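Participant: got a sequence here, can you model it:
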Amino acid sequence: MNDLTILLVDDEEGIRKVLGLSLADAGYTVHTAESGEQALALLDLAHPDIVLTDIKMPGMDGIELLERIKEKAPDTEVIMITGHGDIDLAIKSIQYEATDFVTKPINDAVLDIALNRALERLRMRRQLKAYTENLEHLVEEKSRALVAAERMAAIGQTVAGLSHAIKNIAGGLDGCIFVLEKGMELDHRQYLEQGWAMLKANVEKIRNLSMDMLRYAKDAVPDLRPCDPSVPAREVLELFAARAADEGVALQAEVPADLPPMPLDPEGIHRCLMNLLTNALDACAESPDGEKCVRLSLCSLPGGGVQYQVTDTGPGLDPGSQKHLFQSFFSTKGDKGTGIGLMSTKKIVEAHGGTIRLDNKPGQGAVATLTLPDRGKAPGPQGRRA
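Facilitator: You can find the predicted model right below:
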């Protein structure tokens with residue numbers, strides 16, 4: 001955390017001079033501004049890591065400056081300077097995502113505590129960014145290597161299925177990053193804990209997949225166990241929320257939470273839904289005009305079992321290609337697709353005794369229907385993941 005830059009904003013020249021010298025002696029690069037308007041101009045030039053601003057100033061006050069900074073540079077940490085009579089304003093600034101506040105006359109020890117808190121948040125954000133970038137690079141590198149290997153021979157089918165699962169996990173990491181960044185921006189511990197748990201869960205999935213490669217060439221038996229069928233659906237929706245928002249796609253859900261448990265392989269169904277939602281979002285990207293919407297729904301069946309449906313507002317399925325969709329290495333995405341996502345999904349669904357259908361829906365778009373029967377008691381320990 002060397003070479004950190006602080007922008008000091010105060011309409012009193014004496015405070016700017018004395019406090020600026022003190023901060024410079026502490027090792028910071030210091031820029032000063034006498035007004036909120038001047039501070040915003042310097043924000044684009046100096047790109048400060050921390051802004052230290054008075055709350056009460058002529059013209060643009062510190063609260064408005066804080067809001068403008070968070071709009072333009074949300075990762076910038078802002079510490080407010082306030083008088084003893086302005087505590088209500090100081091508390092209000094915390095609600096607008098200020099890091100901390102200090103009161104005049106400024107106590108060096110109190111200022112050090114506020115600065116250290118800002119430094120810790122900056123450090124955490126940078127470490128998290130580096131970690132996730134390295135992890136995504138590793139996943140992308142491994143995925144490319146596995147995709148190249150799968151196309152060399154049909155014997156690589158099962159390994160290719162695993163590589164596709166890794167690719168989906170990499171996409172799910174976007175959801176983890178979104179939740180973690182939200183937690184840091186709001187200093188919200190629950191968001192941070194939730195995002196970190198999501199990130200660790202995805203790393204664990206990658207680790208499990210590497211072990212599955214040793215045994216996946218054999219016919220897989222699903223690891224059936226009683227579980228809530230809504231859980232894999234909710235997990236996948238959470239992981240795709242960030243991507244859908246970035247691409248302007250309305251991600252809708254109709255996933256009841258009161259369905260009875262049934263024997264399922266939750267990891268296998270998670271992979272199926274990841275494949276289907278990935279395809280649906282890719283389809284929406286091919287329709288630049290009009291509404292973009294992907295919907296995941298879940299319902300119970302009268303005779304037992306459940307049905308998942310994924311619908312999109314993309315261009316729909318080509319009738320000439322539709323009959324080939326589940327064939328090995330067939331893809332409608334050209335060089336961008338591996339042709340094994342739907343093949344792998346079909347394999348997992350059939351291992352559950354279920355069926356999968358892909359149809360055009362009236363108007364435009366496509367619908368994928370995944371139907372799973374209730375197979376009664378789960379098998380014993382001999383069952384393995386699909």
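Participant: how far does the helix or strand hosting residue 245 sit from the chain's center?
Facilitator: Taking DSSP states H and E as the criterion, residue 245 maps to helix 230-246. How far helix 230-246 lies from its chain's middle: 8 Å, per Cα atoms, centre = their mean, to the nearest Å.
Participant: only C-alpha atoms, please: export it in CSV.
Facilitator: What follows is helix 230-246, C-alpha atoms only, in CSV (Å, rounded to 0.1, in the frame of the first residue of the first chain):
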residue,chain,number,x,y,z
SER,A,230,-35.2,-25.4,-5.1
VAL,A,231,-31.6,-25.2,-3.7
PRO,A,232,-29.7,-25.7,-7.0
ALA,A,233,-32.1,-23.4,-8.8
ARG,A,234,-31.6,-20.6,-6.2
GLU,A,235,-27.8,-21.1,-6.3
VAL,A,236,-27.6,-20.8,-10.0
LEU,A,237,-29.8,-17.7,-10.1
GLU,A,238,-27.6,-16.1,-7.5
LEU,A,239,-24.4,-16.8,-9.5
PHE,A,240,-25.9,-15.4,-12.8
ALA,A,241,-27.4,-12.2,-11.3
ALA,A,242,-24.3,-10.1,-11.9
ARG,A,243,-23.9,-11.3,-15.6
ALA,A,244,-27.6,-10.7,-16.4
ALA,A,245,-27.5,-7.2,-14.9
ASP,A,246,-24.3,-6.3,-16.9
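Participant: and it, what's buried?
Facilitator: Judged by neighbour count (16 or more other Cβ atoms under 10 Å), helix 230-246 contains these buried residues: 230-233, 235-244. Every C-beta, even on glycine, is put in place using the N, C-alpha and C of the backbone.
Participant: adding distance to residue 3 and pLDDT, write the residues you listed out as JSON lines.
Facilitator: Supplementary listing: those in JSON lines, determined by distance: Cβ to Cβ, whole Å; pLDDT from 0 to 100:
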{"residue": "230", "distance to residue 3": "49", "pLDDT": "94"}
{"residue": "231", "distance to residue 3": "46", "pLDDT": "93"}
{"residue": "232", "distance to residue 3": "46", "pLDDT": "93"}
{"residue": "233", "distance to residue 3": "47", "pLDDT": "94"}
{"residue": "235", "distance to residue 3": "41", "pLDDT": "91"}
{"residue": "236", "distance to residue 3": "42", "pLDDT": "90"}
{"residue": "237", "distance to residue 3": "42", "pLDDT": "92"}
{"residue": "238", "distance to residue 3": "37", "pLDDT": "89"}
{"residue": "239", "distance to residue 3": "36", "pLDDT": "85"}
{"residue": "240", "distance to residue 3": "38", "pLDDT": "87"}
{"residue": "241", "distance to residue 3": "36", "pLDDT": "88"}
{"residue": "242", "distance to residue 3": "31", "pLDDT": "83"}
{"residue": "243", "distance to residue 3": "34", "pLDDT": "84"}
{"residue": "244", "distance to residue 3": "38", "pLDDT": "88"}
